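task: produce atomic coordinates for the following.
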Amino acid sequence: FFLGCVHFSFLLPSVKHKAPQIPVLRSKNAQETNIPFPAVTFGPTDGRGPEGMDRRNHGAHGGGKIRIGVCVMEKKVSCSPMEQILERLHAFGEFEIIIFGDKVILEDPIESWPLCDCLIAFYSAGYPLEKAEKYAVLRRPFLVNELDPQYLLHDRSKVYEHLKLFGVPVPTYAVVRREHPNQELNYFIEQDDFIEIHGKRFCKPFVEKPIDGDDHNIMIYYPSYAGGGMKELFRKVGNRSSEFYPEVRKVRRDGSYIYEEFMPTGGTDVKVYTIGPGYAHAEARKSPVVDGVVMRNSDGKEVRYPVLLTPTEKQIARNVCQAFRQAVCGFDLLRCDLGEARSYVCDVNGWSFVKSSYKYYDDAACILRKMFLDEKAPHIYTIPAHLPWRISEPAQPSDAVRNREQGTVGIPTQSEELRCVIAVIRHGDRTPKQKVKLKITQEKLLKLMLKYNGGKAHAEAKLKSALQLQDLLDATRILVPRARSGRESDSDAEVEHAEKLRQVRAVLEEGGHFSGIYRKVQLKPSNWAHIPKSSGEGEEEVPSEALMILKYGGVLTHAGRKQAEELGRYFRNNMYPSEGPGLLRLHSTYRHDLKIYSSDEGRVQMSAAAFAKGLLDLEGDLTPILVSLVSKDSSMLDGLQDGTIEISEAKAQLHDIIISSKVANGGDPAGFPWMVDGADVSTNAAQLLTDLAELTKEITSQVKRLSDDENEEVATDSDSPNHPYDQAKALWRTEIDMDRIAAGLPCGSESFLLMFARWKKLERDLYNERKKRFDTTQIPDIYDSCKYDLLHNSHLNLNGLHDLFKVSQLLADGVIPNEYGINPKQKLKIGSKIARRLLGKILIDLHNTRREITEVAAESSTRHDPIVVSSTKRKERCYHDSVRNENFEGSSTDEKSVDLDSHKETKYCLDPKYANVLDPERRVRTRLYFTSESHIHSLMNVLRYCYLDESLNGEESLICKNASDHLFKTKELDYMSYIVLRMFENTEVPLEDPKRFRIEMTYSRGADISCLESATNTDYFLPDDHTMQIMEPEQLQEVGSYLTLDKFDKMTRPFAMPAEDFPPATPQCLAVRFCEDIESQGARRQH
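Take a look at the predicted model:
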């Protein structure tokens, strides 16, 4: 696409390319080279040969040809793009191409260099830039790329400074300069999850670049909440462009570096190539930060596809070209979603050509021709009737491309085409969530609280970072005795307190597992005392007691990761009809608009990353995939704040129903059993509760004996060192640790002490001995814990575990569906409060898809209007004649930005003029929302019961009767359960017809627990890899039914957040990740 000049190919039919056959012109003293270029003149060996010099002078002045000197290293001349473009320039017949050659450039004095009118000269390894400058001063040719600014490109800090001077947006950055390796700098501070440079803080993830522009070893450091580690980016070696090192946490100190914020780009880089300030060609490629695997085509070249630039990005291209006075210039563009879709320049490369695009070569030759003629012979410039290197035969895509298109992404023969896939997915298998509460009075712990709450007596402290948790672990190790004292004088309270301290220590010592997410400690002051101030004047208030709350667990297991990856692969192969592996083709050609959102919980984020790995067939660790592809949106996918009151009321009512074992309203509407209050609650629930308490005690006592044995082993091993707390030294095992299983230890990293604490807390919380009262809200937790141990710890042979599973399942089947409302109207009310924003975003997704399709259809109709087409051609010819800068402003204001989403999402649009695909305008939008059980149930309840709302009186349910029956029998939406909405377009129906767009709704119950239901104490039926399979999706509508987008919108809009009420998308950890000073904030606003 052009900024300021027309493509010749717009004026001519698409044709094949034919290299011109032109005789080589050399002087008698010219030296042969190995450069396979047929249409050139080489500089003489001595540079002073009279015959050679006379011939060149005669060619320029006598023959009227303009001499173009190519003063670059031979390696650069012989590359395919340079050959293609020089051949085309020579084919015009107006230019004589003079290639200097390495010997002339490196050995001969500049006075003997060939004469030329226009000079192509640029730096590469070994190139004498200073010598070329002197030649330019001596001969004063027209320079395509000026030479002096090329020195700037060797220093990344100077590049950024220069870009800022010209108003080009760059990432927030700071510079660290060292005179010698390992030099200590007083302005540089490094902590576990951030660095500070001159008071400016950069929280991980951040990027570390050498200041030396020729050093391409760039590092990305990841935060502990995402597993930590470092990814090294480097020049492509084979099929690798990066490597991940999970153990590396500290930055390099051997030289000078730039540190900048990491910009989330959805796993895509954009390379922009200018030819003068009026032309920019952009190509997108898979970013090396994702998995480091280079995508290559059948010719072994990296796969890149042309994409459209926004008007703002076109202005950036113009500014970069003018800032460095490099007409032919390449630079890297980052499109990021930090709160709003914006683009930043992160590197400027200087002279660069597109690697393999004949259309680009045509454009480049035409623009350079005009550039040379404007400078040296403006009076003879004309637009040729045809391009001299072409023949008038229509070009066709190669057979390989055509076969690949038809075989993998062939559009179904029927009239319907898939346009949008929206999925809301629950996280994978996890460990049970845990919480420990204890009162602390120890001075060491109270001082720790004051250290991290700013010294405020009444403020609470939250400890999450590795440094904070290490401090807490050190203090706890001192306070916890190595073994139980066994003294009779110890009260029950003292024994319990000591046990809880041991539990805290054991949790903090547990290795890996996203420590920043899975271990969170709150210290809340509860009592205070007055003591004399240290100055001796008056008193001050200090905390004397505090409540410690430690939350841990909820870790995605090896089975959960495997479930997520497998489900991603299933989506890739089954959710895109007639595609097969063609989804990858759609995605690689930027016709698949993918965005992945996750709640703030670690298990949810990593489920999303593992799913993305399977969906896109990625390799390597999950940390880079998580940071690169997954966006956190806690306000949309986290929390129950909006429905807390109603949920509490529902749980209280449910408690009464369970205790009384009676259905509240007693009725059973014929054929609609789910309409009863407390449906699914067992009629003998009260007796089951008693059985549940007894069986829980039995399991707890068995685990206690195992814990006591473990504690004795620790006590006898008194010489064992206290290992320092290493937060997330590894993510977690992706396979079962068979050594632990063989040793009779719990699966994963849980100790018997923590396992006992888990069951003891469940036993204590389920039934209050003093009050003689059951807490029915503990039923799902017991069921969850029992299910976990039955699947992962069956090798421990806990007697009665299977019986406990059966009893807890019977009770959980009544509790889980009713926690979010005991009847349909209450379920609808609670569901609409919890899923309001999520449902609103889904409607935005669907309507944006329809709007884009409508706009493309309208543009297509305009293109086929012959009057409009001829008018467009006239405008393009005028555009070509007016290639100068002033035309950019007009073009930028007339064009639409590609950012069409109300939610400010970055989007990559394939450029149809340059893409070698059969259907470049075909696009599929995919939006994936990863969340927890509460949001899955809430969204499903809205879809099931929205028709009951008074505003929709008389409307039929979105869910058919058969599906409602299945949902009633489902009870639980287990791990990796999901709801999918797919929107299809019927291309044979007019755009304004409501039936143009159809919505299909499916769901899956998630993990198939039938293996647990059929298991016995011999664990014969349990899967060897501890992984439950994901159940196939089921239809929510009758086969053959037709749900239009308008109908779906009408039924769900009353329960969705309106688009105009959506708050701006919150930048991902923006307030924490880096702190900008006032000056840089003002500069960014100006940009």
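
just give the nearest non-adjacent residue to Tyr576, would you?
Excluding its sequence neighbours, the residue lying closest to Tyr576 (Cβ to Cβ, 6 or more residues apart in numbering) is Leu583, at 4.8 Å. All C-beta spots, glycine's among them, are computed from the backbone N, C-alpha and C.

figure out the helix or strand that the one you found lives in.
helix 582-588 (DSSP states H and E).

mind listing what the helix or strand just after that helix pairs with, with the direction of each?
Next along the chain after helix 582-588, taking DSSP H and E as the criterion, comes strand 592-598. Using DSSP bridges, the strands paired with strand 592-598 are strand 630-632 (parallel), strand 924-931 (parallel).

can you say which of those is packed in most?
Stretch with highest mean neighbour count among those: strand 924-931 (a mean of 25; mean count of other Cβ atoms under 10 Å).

mean confidence for the next helix-or-strand element following that strand?
Using DSSP H and E, the helix or strand that follows strand 924-931 in sequence is helix 933-945. Averaged over helix 933-945, pLDDT sits at 94.

buried set for helix 933-945?
Across helix 933-945, burial judged by 16 or more other Cβ atoms under 10 Å covers 933-945.

which elements pack onto it?
The contact analysis (3 or more Cβ pairs under 8 Å, 6 or more residues apart in numbering; DSSP states H and E) places helix 933-945 against strand 416-426, helix 824-834, helix 836-863, helix 961-970, strand 978-986.

could those go into a markdown table alongside mean pLDDT, distance to Asp656 and mean neighbour count?
Listed next are the helices and strands packed on helix 933-945 as a markdown table, based on pLDDT from 0 to 100; distance: least, Cβ to Cβ, whole Å; neighbours: other Cβ atoms under 10 Å:
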| stretch | mean pLDDT | distance to Asp656 | mean neighbour count |
| --- | --- | --- | --- |
| strand 416-426 | 93 | 29 | 22 |
| helix 824-834 | 92 | 14 | 22 |
| helix 836-863 | 84 | 29 | 18 |
| helix 961-970 | 87 | 22 | 16 |
| strand 978-986 | 94 | 31 | 21 |
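
quick one: which of these is nearest Val272?
helix 836-863 (23.6 Å; Cβ to Cβ).

report the distance from the closest one to the chain centre.
Taking the mean of its C-alpha atoms, helix 836-863 sits 23 Å from the chain's own mean (Cα atoms, centre = their mean, to the nearest Å).

the closest residue to Ile258 other than its chain neighbours: which element?
Nearest non-adjacent residue to Ile258, counting by Cβ to Cβ, 6+ apart: Lys209, 4.6 Å away. Per DSSP H and E, Lys209 falls inside strand 206-210.

put the alpha carbons of that strand into CSV.
Extracted in CSV, the C-alpha atoms of strand 206-210 (Å, rounded to 0.1, in the frame of the first residue of the first chain):
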residue,chain,number,x,y,z
PHE,A,206,11.1,-6.1,30.9
VAL,A,207,13.5,-6.2,28.0
GLU,A,208,17.3,-5.8,28.1
LYS,A,209,19.1,-4.7,24.9
PRO,A,210,22.8,-4.0,24.4
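
count of neighbours near Glu566?
For Glu566, the number of neighbouring residues by other Cβ atoms under 10 Å comes to 18.

state whether it is indeed within a helix.
Yes: membership of Glu566 in a helix is supported by DSSP: H, G, I helix; E, B strand; the rest coil.

OK, contacts around it?
614, 1030 (Cβ atoms under 8 Å, 6 or more residues apart in numbering).

any idea how far it lies from Glu1032?
From Glu566 over to Glu1032 the distance is 13 Å, taken as Cβ to Cβ, to the nearest Å.

quickly list the domain ranges of this protein.
Domains of the chain are assigned by the TED database as 66-143, 151-352, 432-482+492-532+539-549, 649-713+736-822.
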